[in-house]
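Engineer: The following block contains a protein sequence and its predicted model.
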Amino acid sequence: MAMFNLASSKGLRPAAGVLARYYTKARDVLHQYQHMSSFRDIQQDCEVIVKDLRDCLKNHFRDPKSTPKQLTECVDLLLQLKEPPNELCDEYLAHAKERLDENLLELRNQVNLKQDKCGGSHDDDTTTEANVDVANQGIMDILEFTDHGCNNFLSNISLVIASYNELFSNRNFGQEDEQQNLDAIAREKIVKFVLSLMGEYFKIVEDRLELENAHGDDQMLVRSLDRFHRRLQAVEKLMPELGVLRSGGNIITRAAHKRVQFYTQALQRQFAASLTDVRQTLAAPKHQNHEKNQSLAELRSNIHTAIVGHVKTALNNLKSFIGTDITFAVRPYFRGPFCSDDIRQSLVVNHITHVISSAQAFCNNVREKTMHAPPSLILLLSRLCLDFHESTVDYLLSLTDQQFPVDEEMGKGSVVTSAAELTDNAKTASQLLINHFVRIQGLTVSQMIRKSVETRDWLSTIEPRNVRAVMKRVVEDITAIDAEVGSLYEEGSRKAHSSDSSKWTYNQQKNQQRSQWSYTPSTGFDQSLLSNIQKLFSEKIEIFSAVEFSKVSILTGIIKITLKTLLECVRLRIFSKFGLQQVQVDTHYLQLYLWRFVSDEKLVHVMLDEVVNSTVHRCVEPDMMESSVVEVICERG
Amino acid sequence: MKAALWRLPLVDETQPPSQTAAPGHPRSLYKLCDLDSNGESMKSVLWNPSGDGTQLITLSDQHLKIWQLNADAQAVEEIDTTVLEGKGQPRFTTGAWNPHHGGSQVATANESTVRGWDLRSMRQVYALDNAHGQCVRDVDFNPNKQYYLVTCGDDCKVKFWDTRNPNESLMVLSDHSHWVWRVRYNHFHDQLVLSSSSDSRVILNKIVSLSSEPFPHLDDDDDDEEHRETHESSSPPADGVIATYEEHEDSVYAVEWSSADPWVFASLSYDGRLVINRVPRTEKYKILL
């Protein structure tokens, strides 16, 4: 008793433990004998002292300067003094919260600073110094930010959790059930506490990562994510039931996903830029055809290497996400979706599809952007798609699979677009583009022919002395197209030429019949019957049909369209004798130069025959020119 | 070039066909008058499809003229005229008279544009710019739906239009592989559309969704037919090609429905072949029943 009094009178903190111990011992006795006045006095005294002690302890408890050890002591004593544990928990956590909130506020400030900066000026981010003092209003980069968060907030919260567990759980006092009850309550409180704070922290981290998207270095991002992940593992160990690692993992996944999205967009931008480059190069005036063709083949390899190169760079950059020293990279929940969904699907496959579809968009003339595309571009894109079909798609996909390997287990549940599907798409696009190319080139040449036939007065034309300039132009244009196509596509097969390829004249084949027809009109019926029967047995010529991927087939398509237009235009006019003879000269000239471009020269012959035939029908005075004269004129021209 | 108005000789039904007259020309045409075009080439002469048949228009290169037959049907007088203006000297290529609105509207084509004209004010009321890739070859009005018309042209396409929305076509058919020269609505069943092309094909299309009978027999008038209808399949028939006729060996420049029999049509190709065809029986029954 004396000791007790001594201790209480001293009221010194080191003695507080002793005091509490004695008080606990004496409490029951005092309580038992309180009816006796002397004991009651002692009890009253004690209570006053203990009350002082409690206040004193509580002050210590609330004091932000108290060390964890002191805190532990305080809590210990207070619990011995029968202080309700609920309140203690709350108070302890509230105390801890102050500090943690401070940490969070700092981080939040950082995010806001960064946000302002991003909003204000994008360029001078690099000027951010290392080791910036927060108070200095400096902006941390992502690595510093994560470090800061880890060192302050995460270590603090770990500390809080650890000491809290030490303080309030598994304490050996009170009854068994009471203790369990206490444990449960304490647990519940800390879980709630940590969850809310971690939630806030994650939110801040995510906001910060969001800002990191537009620019920055993957290495750094990955390293900071890695640190973040490592520190979370510590927290996870302390409180496994919270699943902080999982939420943190989700954040990392999202950050990686964002990054992939960023690269996908970057790739699309780069592709658009290279397209624009190509268009500009094509639009730039060229002095010689030869030069242009060289550049077309060059452009093809340029745009091709550009696409492949950009994808490769993106893949290389993103590779840091699955580096061997990165802790989160080995987690199956990260690696599987990242490699197959993000990288393969949304980056590579998506980009290939984008390239193909934007090339294909040039086929329809609806949109403003694709409306006035130069034919060379269409041709180039068609070749590009064909390259995709033949090799590029396979190459890019195997590169991806090699760099970002996904085993069966990890790749489960993710969509995998097969290479075959993509190559098929590429082929379709290429076919559409080449058909479109043939169409527009055919129409350009047709337009020339049409204007020339429509605007000329064929009834009062003079005797032909020359091939009309427009026919020379047609041959020139087709020769140019031939060279252009030849720089991108292989020759292709054609039927063997007969030895007299260049010797065709309308007159040689038909002169006899024709002269008969002009003298004896009654055989005209036979003539048309004859040509009809001939047509029955010849194959129908499809004008706007699909072409093969070869120079000859493409040129055949264009020439077919051209000659058919000539035929249709001639049929709408009326010709004098000289008009007819001019047509004769023109067709002979066309024949002289066009047969070499087509797969089957017979086709040119048949169509030119038709043209002359139709002209004869539309002629008021069908009198043909001597074939030798026609030849002389053509050779001279 | 010019156009002229002729009178068919009256057919005297009481007289037996003369055996002695020259074959082919039993009676000669009687020329009423010339339709002057001031030296421009005449593109089209169209009778007013509604009205008393005394009004006609002529389309020459740049002029659209309305003519009125005078009371005794002996001469015409020019009532009104309008000039096609624009850059590059546009020229009319073809035209069609709208059978609706009391014949007050005509559609003309020049190059790739279709223009609608109000004949009362002689002003352009709508224009389908770039209706076809190059040249519009033909225009035809839906005989039963007043704002609907069909065009065809050198882009191998047949397009359907609502003149109230000139910016966008309602439907595009691209079944031909060369220029489409002629397109015609059936006079009675406007879901039947014929087109002919220089790919030497004639295509009979069924465009139910844009026709005046989008669903079979919504009209309650013919009860017995509707009664039968209910037993038939209830799904609305789909649009599409009914048949492709490949009898011609050369470009088919004209195709026309019979004005007497709604199921018969003729096509004419460059080689002089005239082919008369019938709508397939199954399609006919699908429309009738």
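Structural biologist: It's in.
Engineer: and chain B, which residues reach chain A?
Structural biologist: Residues of chain B found near chain A (CB under 8 Å from any CB of the partner chain) are B:133-134, B:156, B:177-179, B:198-200, B:249-251, B:270-273. From N, CA and C alone the C-beta is placed, and that goes for glycine too.
Engineer: Counting neighbours, which of those end up buried?
Structural biologist: B:133-134, B:156, B:177-179, B:198-200, B:249-251, B:270-271, B:273 (16 or more other CB atoms under 10 Å in any protein chain shown).
Engineer: returning to what we had before: going by distance to A:N109, which of the residues of chain B next to chain A wins?
Structural biologist: B:G133 (62.9 Å; CB to CB).
Engineer: The closest one: what's it in contact with?
Structural biologist: B:G133 makes contacts with A:L443, B:S112, B:G153, B:D154, B:D155, B:K157, as judged by CB atoms under 8 Å, 6 or more residues apart in numbering or on different chains.
Engineer: any idea how far it lies from A:G442?
Structural biologist: 12 Å (CB to CB, to the nearest Å).
Engineer: Same question for A:Y589.
Structural biologist: 19 Å.
Engineer: on contacts alone, who are the packing partners of the helix or strand harbouring A:N156?
Structural biologist: Assigning secondary structure by DSSP states H and E places A:N156 in helix A:155-168. Other elements packing on helix A:155-168 under the criterion 3 or more CB pairs under 8 Å, 6 or more residues apart in numbering or on different chains; DSSP states H and E are helix A:68-80, helix A:85-120, helix A:176-211, helix A:218-238.
Engineer: Any chance of a markdown table for the ones you listed, columns mean neighbour count?
Structural biologist: What follows is these, written out as a markdown table (neighbours: other CB atoms under 10 Å in any protein chain shown):
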| stretch | mean neighbour count |
| --- | --- |
| helix A:68-80 | 18 |
| helix A:85-120 | 16 |
| helix A:176-211 | 17 |
| helix A:218-238 | 19 |
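Engineer: For B:T58, find the nearest of those helices.
Structural biologist: It's helix A:85-120; of the helices and strands packed on helix A:155-168, that one is closest to B:T58 (CB to CB) at 69.5 Å.
Engineer: The closest one vs helix A:176-211, what angle?
Structural biologist: Per axes from the mean of the first three to the mean of the last three CA atoms, to 10 degrees, the angle that helix A:85-120 makes with helix A:176-211 is 0 degrees.
Engineer: tell me what helix A:85-120 is packed against?
Structural biologist: Going by 3+ CB pairs under 8 Å, 6+ apart, helix A:85-120 lies up against helix A:37-62, helix A:68-80, helix A:142-148, helix A:155-168, helix A:176-211.
Engineer: run the last query once more with 6 Å
Structural biologist: For helix A:85-120, the packing partners by 3 or more CB pairs under 6 Å, 6 or more residues apart in numbering or on different chains; DSSP states H and E come out as helix A:155-168, helix A:176-211.
Engineer: same question for that helix, mean pLDDT?
Structural biologist: Taken as a whole, helix A:85-120 has an average pLDDT of 76.
Engineer: how distant is that helix from the center of its chain?
Structural biologist: Taking CA atoms, centre = their mean, to the nearest Å, the mean C-alpha location of helix A:85-120 is offset from the chain mean by 37 Å.
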